[in-house]
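Engineer: With the sequence up front, the predicted model follows.
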Amino acid sequence: MTKVFIDGKDGTTGLKIYNRFENRNDIEFLLIDPEKRKDLNERAKLINESDITFLCLPDAASIEAVSLVENNNVKIIDTSTAHRTLDGWAYGFAELSHEHRRNIETSNRIAVPGCYASGFNSIAYPLIKSGFINDDYDIVCYALSGYTGAGKKGIAQYEDENRCSDLDSPRLYALTQEHKHLKEMKAVSGLAKAPIFSPIICDYPQGMVVSIPLYTDKMNKKYTKEDIYEMFSEHYADSDIVKVRPLGYTESMIASNTFENRDDMEIEINGNDDRILITSRFDNLGKGASGAAIQCMNIAMGIDEKTGLNIGE
């Protein structure tokens, strides 16, 4: 029986992770007294008694939690931004490469990717790794997300019956080009410089579409749409979770809210031989957060990575 502690169980991601264990009989939960959830000694005790601890905390609190580890056998799976680009931490996106998967299998320190970064790196990493584009390509990325990505305060704001009318409309943010996921997007993809990134938060709960447009004459050679599709298909050929859809899979419009409560991701290549649009669609709370965390745990435990996940067709 694997002993699991969630530090920060009452947050959006923590609750999602906790609820996913409802029907699993291979997990023993270590639960903290609600009155002691900020007690450093009690948290340290439970972290070190666990086999696996999920950190569902702000960055500073996650760093503090890691400093409490004394038992070298404890696996830490951190959902915050704090450790995603640090040496010694496995980046929790197993489908990117065999090396990423091996690191998750063997490391006691696993950083769960950010939601936007998951979509971005699912596209940019194969493009750069394959040599289809150079690391200095001028990438522009835009993304649509449900409001649950904004956390408890954002959710309360959107679900307030007296909310501001601005929330009825999609809202572009990170206008200074300083979004917290940019460091991760640049480092993991292998880009030499950060992309231009325009995230948009929308008036629906869950779901995300991340898009990268490309001019084919700016790539390392003038690839066709079929060339790009074949490369992505080969890159993700072994995955049941990241699926590359056939060319022409969507005829007209890609909705961003159709993967709610799913833990898989789909990639589509659209456009023409001059201008390509590559999209990654998933649930920002699934493959973009708690689903990815559970997948990392399963891989680290050496069991079927899809255990407890909701994978669509």
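Structural biologist: Perfect, I can see it now. Residues are numbered from 1 along each chain as shown.
Engineer: OK, contacts around the closest residue to residue 182 other than its chain neighbours?
Structural biologist: Excluding the flanking residues, the one nearest residue 182 by CB to CB, 6 or more residues apart in numbering is residue 194, at 4.9 Å. Where you see a C-beta, it was placed from the backbone N, CA and C, and this is true even at glycine. With contacts taken as CB atoms under 8 Å, 6 or more residues apart in numbering, residue 194 has the following neighbours: 177, 182, 183, 185, 186.
Engineer: And those, which is closest to residue 121?
Structural biologist: Of all these, the one with the least separation from residue 121 (CB to CB) is residue 185, at 6.5 Å.
Engineer: Where does the closest one fall, secondary structure wise?
Structural biologist: Taking DSSP states H and E as the criterion, the element that holds residue 185 is helix 182-189.
Engineer: Report the buried residues of the lowest-mean-pLDDT helix or strand in the chain.
Structural biologist: None of the helices or strands of the chain scores lower by mean pLDDT, DSSP states H and E than helix 151-158, at a mean of 87. Within helix 151-158, the residues that qualify as buried are 155, 158, counting by 16 or more other CB atoms under 10 Å.
Engineer: Also stretch 62-73?
Structural biologist: Buried, per 16+ other CB under 10 Å, within stretch 62-73: 62, 64, 65, 66, 68, 69.
Engineer: Check whether the last one sits in a helix, strand or coil.
Structural biologist: Residue 69 carries the three-state label coil when classified by DSSP: H, G, I helix; E, B strand; the rest coil.
Engineer: what does the second one give?
Structural biologist: Of the three states, residue 64 takes helix according to three-state DSSP.
Engineer: give me every residue that touches residue 83.
Structural biologist: Contacts were defined as CB under 8 Å, 6+ apart; by that measure residue 83 touches 62, 63, 66, 89, 109, 111.
Engineer: who's in contact with the closest residue to residue 274 other than its chain neighbours?
Structural biologist: Of all residues beyond its chain neighbours, the one nearest residue 274 is residue 216 (5.9 Å), with distances taken as CB to CB, 6+ apart. Contacts here follow CB under 8 Å, 6+ apart; on that basis residue 216 touches 222, 223, 224, 273, 274, 275, 276.
Engineer: what do you get if the cut-off is 10 Å, keeping everything else the same?
Structural biologist: 132, 222-225, 227-228, 271-276 (CB atoms under 10 Å, 6 or more residues apart in numbering).
Engineer: before we move on, what about residue 31?
Structural biologist: Under the criterion of CB under 10 Å, 6+ apart, the neighbours of residue 31 are 5, 6, 9, 18, 37, 46.
Engineer: For the protein, just list every one of the helices.
Structural biologist: Taking DSSP state H to define them, one finds helices in the chain at 12-19, 40-49, 59-67, 98-106, 115-129, 151-158, 182-189, 225-235, 291-301.
Engineer: Distance to residue 142 added to the ones you listed, as CSV?
Structural biologist: Putting the helices of the chain into CSV (distance: least, CB to CB, whole Å) gives the following:
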stretch, distance to residue 142
helix 12-19, 24
helix 40-49, 39
helix 59-67, 25
helix 98-106, 25
helix 115-129, 10
helix 151-158, 19
helix 182-189, 13
helix 225-235, 19
helix 291-301, 22
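Engineer: What is the end-to-end distance of stretch 80-96?
Structural biologist: In stretch 80-96, first residue to last residue: 20 Å (CA to CA, to the nearest Å).
Engineer: List the buried residues in it.
Structural biologist: 80-84, 89-96.
Engineer: For PyMOL, what selects the buried ones among the contacts of residue 194?
Structural biologist: Applying 16+ other CB under 10 Å to the contacts of residue 194, the buried members can be selected in PyMOL as follows:
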select buried, resi 182+183+185+186
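Engineer: which one among the contacts of residue 194 gets closest to residue 41?
Structural biologist: Looking across these and measuring by CB to CB, the closest to residue 41 is residue 183, at 32.7 Å.
Engineer: Residue 116 is in contact with the closest one, correct?
Structural biologist: No: counting by CB atoms under 10 Å, residue 183 stays clear of residue 116, with 11.9 Å between them.
Engineer: quick one on the thing from earlier: right, and out of the contacts of residue 194, which lies closest to residue 33?
Structural biologist: Minimum distance to residue 33 across these is 35.9 Å, recorded for residue 183 (CB to CB).
Engineer: Residue 3 versus residue 48, what's the distance?
Structural biologist: Applying CB to CB, to the nearest Å, the value for residue 48 to residue 3 is 11 Å.
Engineer: Need the overlap of contacts for those two.
Structural biologist: Joint contacts of residue 48 and residue 3 (CB under 10 Å, 6+ apart) are residue 74.
Engineer: the strands in the stretch 151-300 of the chain, which residues?
Structural biologist: 171-172, 196-202, 208-215, 242-244, 265-271, 275-282 (DSSP state E, counting those that start in this stretch).
Engineer: Just put those strands in CSV and tack on mean pLDDT.
Structural biologist: Putting the strands of the stretch 151-300 of the chain into CSV (pLDDT from 0 to 100) gives the following:
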stretch, mean pLDDT
strand 171-172, 96
strand 196-202, 97
strand 208-215, 97
strand 242-244, 98
strand 265-271, 97
strand 275-282, 98
